[in-house]
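**Q** The amino acid sequence is not available; the structure is as follows:
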């Protein structure tokens, strides 16, 4: 079942620091309170009680994090009602897309080369591009360390380099795969270079490399219709839906690549 495979990937991506709060697994980033770095995934088929949900809320709030989940309702249809009863409210429902074959590399208006970012110098450029693209504070060593872990654990990080200036202008990544499943995320382009086909080029390059490297189920979750059109042109198609749902808490930073 595709939904269960994605859930297994999300749990694996939570890393060694994940916290088990039955029937949930919570990813809690001790360095970053951004919403997209702090969320829980329920067990497949879970039917949490009110006490289970209360325990989950406590686990987040004790760490000064917003109680939040990202999960596929089709894999755990009994969860949403329990969350709503505890004061959670949906943030958004996003389509999940996947791709079965390598897309062609699209034309780009300006000379741009997409390269694998496998050393700290390139990873710093990726972090800076993503921070600007997503309206984040200036990149820090923690952001680079997160990217470094992606590379060290078998993921892919890409940087689009402007051939004229040598500057990084676009970026994206696939997380470390789990049983052939991996998420394409963090695709972003500097404001000065948008609408030139760079996001499409990064998407195509990463997807081709992922499929050639043994990732059998690349997936992504576009957050708007414009992004979805880019991914559809690269051969991605809708197969499922993911729910982002949270409980009101002090305002947190929300715009961040995974």
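**A** Right, received. Where do you want to start? No experiment lies behind these values; they were computed from the predicted model shown.
**Q** For the lowest-mean-pLDDT helix or strand in the chain, buried residues please.
**A** Lowest on mean pLDDT, DSSP states H and E among the helices and strands of the chain sits helix 225-233, with a mean of 93. Within helix 225-233, the residues scored as buried using 16 or more other C-beta atoms under 10 Å are 227-228, 230-231. Every residue, glycine included, has its C-beta placed from N, CA and C.
**Q** ok, residue 65 - how many residues close by?
**A** 24 (other C-beta atoms under 10 Å).
**Q** okay but it is in contact with residue 37, surely?
**A** No: with contacts counted by C-beta atoms under 8 Å, residue 65 stays clear of residue 37, the gap being 9.1 Å.
**Q** What lies in contact with the least confident helix or strand of the chain?
**A** Here helix 225-233 makes contact (C-beta atoms under 8 Å, 6 or more residues apart in numbering) with 95, 97, 103, 106, 187, 199-200, 203, 220, 222.
**Q** Which element is encountered next along the chain beyond that helix?
**A** strand 237-247 (DSSP states H and E).
**Q** could you check the angle helix 225-233 makes with that following strand?
**A** Computed by axes from the mean of the first three to the mean of the last three C-alpha atoms, to 10 degrees, the angle separating strand 237-247 from helix 225-233 equals 150 degrees.
**Q** Check which helices and strands strand 237-247 sits against.
**A** Counting contacts by 3 or more C-beta pairs under 8 Å, 6 or more residues apart in numbering; DSSP states H and E, strand 237-247 is packed against helix 2-13, strand 68-71, helix 80-85, strand 88-98.
**Q** one more time with 10 Å, if that's ok
**A** Under the contact definition 3 or more C-beta pairs under 10 Å, 6 or more residues apart in numbering; DSSP states H and E, strand 237-247 sits against helix 2-13, strand 39-42, helix 50-61, strand 68-71, helix 80-85, strand 88-98, strand 217-220, helix 225-233.
**Q** partners of that strand in the sheet?
**A** strand 68-71 (antiparallel), strand 88-98 (antiparallel) (DSSP bridges).
**Q** want to throw the helices and strands packed on strand 237-247 into CSV with distance to residue 29?
**A** Below are the helices and strands packed on strand 237-247 laid out as CSV (distance: least, C-beta to C-beta, whole Å):
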stretch, distance to residue 29
helix 2-13, 12
strand 39-42, 10
helix 50-61, 11
strand 68-71, 12
helix 80-85, 21
strand 88-98, 18
strand 217-220, 21
helix 225-233, 24
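**Q** And these: which comes nearest residue 116?
**A** Distance to residue 116, taken as C-beta to C-beta, is lowest for strand 217-220 among those, at 16.0 Å.
**Q** Against residue 133, how distant is the residue in the chain sticking out farthest from the centre?
**A** Using C-alpha atoms, centre = their mean, the residue of the chain lying farthest from its centre is residue 164. It sits 30.3 Å away. In this view, residue 164 and residue 133 are 20 Å apart by C-beta to C-beta, to the nearest Å.
**Q** doesn't residue 69 make contact with residue 88?
**A** Yes: between residue 88 and residue 69 there is a contact under C-beta atoms under 10 Å: 7.7 Å.
**Q** any residues in contact with both of these two?
**A** Common neighbours of residue 88 and residue 69 are listed as 53, 56, 79-80, 245-247 (criterion: C-beta atoms under 10 Å, 6 or more residues apart in numbering).
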